[in-house]
Each structure stands twice: as structure tokens, then as C-alpha cells.
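S.K.: This is the structure alone, sequence omitted:
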Ligand SMILES: Cc1cc2nc3c(=O)[nH]c(=O)nc-3n(C[C@H](O)[C@H](O)[C@H](O)COP(=O)(O)OP(=O)(O)OC[C@H]3O[C@@H](n4cnc5c(N)ncnc54)[C@H](O)[C@@H]3O)c2cc1C
């Protein structure tokens, strides 16, 4: 990885990747390995959704609550009694946060120096496309090809009355510093189900509301 402003590229790249999440990194590394000069332009925490607020933190909490649940579930066998409960939710969260930060470093930050022909540019404001390149923070780079890997963001659905209640999305739910007594999950898709089950196993009374039926995981083609 080179410093973007003193690299001798004159702000010219074969490929500019907008978005420094898993898709952006994967595209940039593949292009760099094929010999391209690449700029990754990232706004927000490096690594994007998966490592920071998606796959990694959700699976860390899910596995911890699965372990707690297995103990309690052992009671269905005659003569077996295992006591397990969540008695320190902040400690559960701290362990999850340490995993996130370790993996963010290992899979993203520490990886960049291995690629001489990738420049990582962290922007204060979201980058935007301009004629022939990408602009950010008052300057621009030129690139022959631009890959947009800006991911997605959550939105609050237009449910009458929703503006009068406190809502969480998956990111803020994963960051709760104390467990609520109860929770309504709106949406029976993958994330609604896995987070609903995780909180239920942690002792929260969870109700999942969905329009039709719980979404089945689509088998790999
Ligand atoms: C709770 C949860 C659990 C999940 N679990 C799984 C799982 O178990 N398995 C799985 O496969 N997937 C899972 N996913 C989905 C997975 O995390 C995403 O599909 C994946 O992270 C998307 O990667 P991406 O690189 O496309 O986008 P992102 O990781 O979102 O990266 C996009 C990046 O672009 C940045 N950006 C946006 N606009 C601009 C701009 N204008 N300029 C510069 N940068 C910009 C964003 O800030 C972000 O950093 C989960 C998601 C969530 C929320």
C-alpha cells in the first residue's frame, strides 16, 4: 500500500473501487493481483458491514447464546440438569467487540501493506462520481474503470405509528449494552430470525412478526 498523494501515479489509476467493505476489498485485491493500479476509496469504518456490524458480531453473539441455550436444553434428558444463563451481558458484548476489532485488523487493515499497487484512501464524506473518476474531500482521482461497492443501509419501514416508538436496527440491536425484557422483531428474514433467536436464547421475550412465513434459507445453486 502506498500513500495515495505521493505515489507517482498523479492520481491516475486503472481501477477505483468506491467502498471499503468485503466486496470492495475483494475486487481491489483481485485487480491488484492481476497487475492493476488500484485505489480503494472508503467512507466509514474500514471493512464495512460484515466484519463491523454484520456477519462477525452477529455470529459471535449467536454462538455464545447457542452455548448458553444448549446447557438449558439439556434438561429435556431425564436425569440431566445443567444450569446456564447469561449473567454478564456487557462481558458478552466486550468479547464480541474484541473479536470484531481483531478480525478488522487481520482481514483489512493489516492486509493493505501487502499490496504495493493498492492505495487506500479514507474519506471524510462519501465519495461521488465525476467525469473520468471519483471525487472526495475536495479532490479527485482519475480511473479507467470504477467499481461501486457501497453496500446497503438500513431504513425504517413506513409503518403507521413507528415514529412514536423507539426502534432498533440490526446494528444498534447488536450493540445493546443491556438486555431488554421483551422485543418485537419486524420481519422474518434471515437477520430477523437469527437475531430474534439469539435474543430469545439470552432470555429476552421475543415476538417475530412477518407478513407471510419465515423465510427459508435458499439452497446454494
Ligand atoms: C446483522 C447482519 C448479519 C449478516 N450475516 C451475514 C452472514 O452470516 N453471512 C453473509 O454472507 N452475509 C451476512 N450479512 C450480509 C453481509 O454483511 C453483507 O452482504 C456484506 O457485508 C456486504 O458487503 P459490501 O462490501 O457489499 O458492503 P459493505 O460491507 O456495506 O461496504 C460498503 C462500504 O462502502 C461505504 N460507502 C458507502 N457509500 C460510500 C461512498 N459514497 N464513498 C465511499 N464509501 C462509501 C460504506 O460506508 C461501507 O463501508 C449480514 C449482514 C448483517 C447486517
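M.R.: Yep, it's here. Nothing here was measured: the structure is a model prediction, and the numbers come from that model. Numbering: from 1, shown residues only.
S.K.: Touching, residue 11 and residue 136? I think so.
M.R.: No: using Cβ atoms under 8 Å, residue 11 makes no contact with residue 136, being 11.4 Å away. Quick note: C-beta positions are derived from backbone N, CA and C, even for glycine.
S.K.: out of the two, which sits in the busier spot?
M.R.: In this view residue 11 and residue 136 are compared by other Cβ atoms under 10 Å, and residue 136 has more residues nearby, 20 against 16.
S.K.: now stretch 60-73: mean pLDDT?
M.R.: For stretch 60-73, the mean pLDDT works out to 93.
S.K.: Go through that stretch and flag the buried ones.
M.R.: 60-61, 64-65, 68-69 (16 or more other Cβ atoms under 10 Å).
S.K.: same deal with stretch 31-51?
M.R.: For stretch 31-51, a neighbour-count test (16+ other Cβ under 10 Å) marks 31-32, 36-51 as buried.
S.K.: Up against the ligand, what does the chain have?
M.R.: Residues of the chain found near the ligand, taking Cβ under 6 Å from any ligand atom as the criterion, are 18-24, 41-44, 48-50, 54-55, 58-59, 123, 126-127, 149-151, 170, 191.
S.K.: Could you turn the buried ones of those residues into a ChimeraX selection?
M.R.: The ChimeraX selection below is limited to those of the residues of the chain next to the ligand classed as buried (16+ other Cβ under 10 Å):
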select :18,19,20,21,22,23,24,41,42,43,44,48,49,50,54,58,123,127,149,150,151,170,191
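S.K.: So which of the residues of the chain next to the ligand are in helices?
M.R.: Among the residues of the chain next to the ligand, the residues falling in helices (DSSP state H) are 22-24, 48-50, 55, 58-59, 170, 191.
S.K.: Just give me the closest of those to the ligand.
M.R.: Nearest to the ligand out of those is residue 48 (Cβ to the nearest ligand atom; 2.4 Å).
S.K.: pLDDT value on the closest residue to the closest one other than its chain neighbours, please?
M.R.: Excluding its sequence neighbours, the residue lying closest to residue 48 (Cβ to Cβ, 6 or more residues apart in numbering) is residue 21, at 2.2 Å. pLDDT, residue 21: 98.
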